[in-house]
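Make a model of this:
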Amino acid sequence: MPVSEMEPLILPGVEAHHEAQTNLRLIRDLMERSTKYSTFSGLSGVLAGTFAILGCLAQWKFVGPLGLTEQKRVFLIIWAIVIVLAIGTDFLLTKRRAPLVGKTILSRLGKQMVLASLPGLGFGALLTLTLLQHGLLDLIYPFWMLAYGSAVCAVGLFSQREVSRLGWAFVISGFAAFLFDFLVTDTQTRLTAGLVMTAITFGGFHIAYGLVMASRLGWNGERNGN
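Numbering: from 1, shown residues only. Below you'll find the predicted structure:
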């Protein structure tokens, strides 16, 4: 048989070495996928919830008395500020915490979590602009809960089990808010109920989540938890 047609000779020891390397790579990938995202601190959750409650109070005080056109503009301003504060605070805290636990804020795991959340968050943003354009403010809140809950559930595949529970809490609350809107016909009542549910979910749920994480990992995530 010509040399070119001969099959490569693989010694048992070499084959075992390659198999061990493959198994190690698989184990590392699985560990990275299941690594708990400990850079997210309890303080981030509490601050995000506080910003959401302040946003609800600001909307209740300033948006209600305005006309529809002004309502849309002030609505966008208030919640844009809330989102910027929540995301900005979490980014700064995560950036400060990441090196202390041997991670980088732009790790592969972090990128996967961002990509997983984008469909839900993008859908929520587009739907918000559409409903706001048609003056359907009372429908925005349930969609916020569903869109955000879906995004958090997706992130929960790469993170703490508490993240998945948080996401499901938002999804269930969103369905409950839709059911309330279906049963109640008075628009003002639906607006008030939606705002209260937003304070409970985006405010209360985040604060409760932050307190749970702080009890396990410390306010800044300085303790490692399993």
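
element containing the closest residue to Gly204 other than its chain neighbours, please.
The shortest distance from Gly204 to any residue other than its chain neighbours is 6.6 Å, reached at Gly49 (CB to CB, 6 or more residues apart in numbering). From N, CA and C alone the C-beta is placed, and that goes for glycine too. When secondary structure is defined using DSSP states H and E, the element that contains Gly49 is helix 42-62.

how about that helix: buried residues?
If you call a residue buried by 16 or more other CB atoms under 10 Å, then helix 42-62 has these buried ones: 42-56, 58-59.

list the contacts for the residue nearest to the spatial centre of the chain?
Averaging the C-alpha coordinates of the chain gives a centre point, and the residue nearest to it by CA atoms, centre = their mean is Val152 (3.9 Å). Val152 makes contact with Ser117, Gly120, Val163, Ser164, Leu166, Gly167, Phe170 under the criterion CB atoms under 8 Å, 6 or more residues apart in numbering.

switch to 6 Å and redo it
If you count contacts by CB atoms under 6 Å, 6 or more residues apart in numbering, Val152 has them with Leu166, Gly167.

distance between the lengthiest helix in the chain and the chain's centre?
With residue count as the measure and DSSP state H as the assignment, the chain has helix 68-97 as its longest helix. Relative to its chain's centre, helix 68-97 lies at 14 Å (CA atoms, centre = their mean, to the nearest Å).

Verify the contact between Ala116 and Ala154 for me.
Yes - counting by CB atoms under 6 Å, Ala116 sits close enough to Ala154 to count as a contact (3.9 Å).

Which one's more surrounded, these two?
A count of neighbours by other CB atoms under 10 Å puts Ala154 above the other of Ala116 and Ala154, at 22 against 18.

got the contact list for that one?
When contacts are counted by CB under 6 Å, 6+ apart, Ala154 is found next to Ala116, Ser117.
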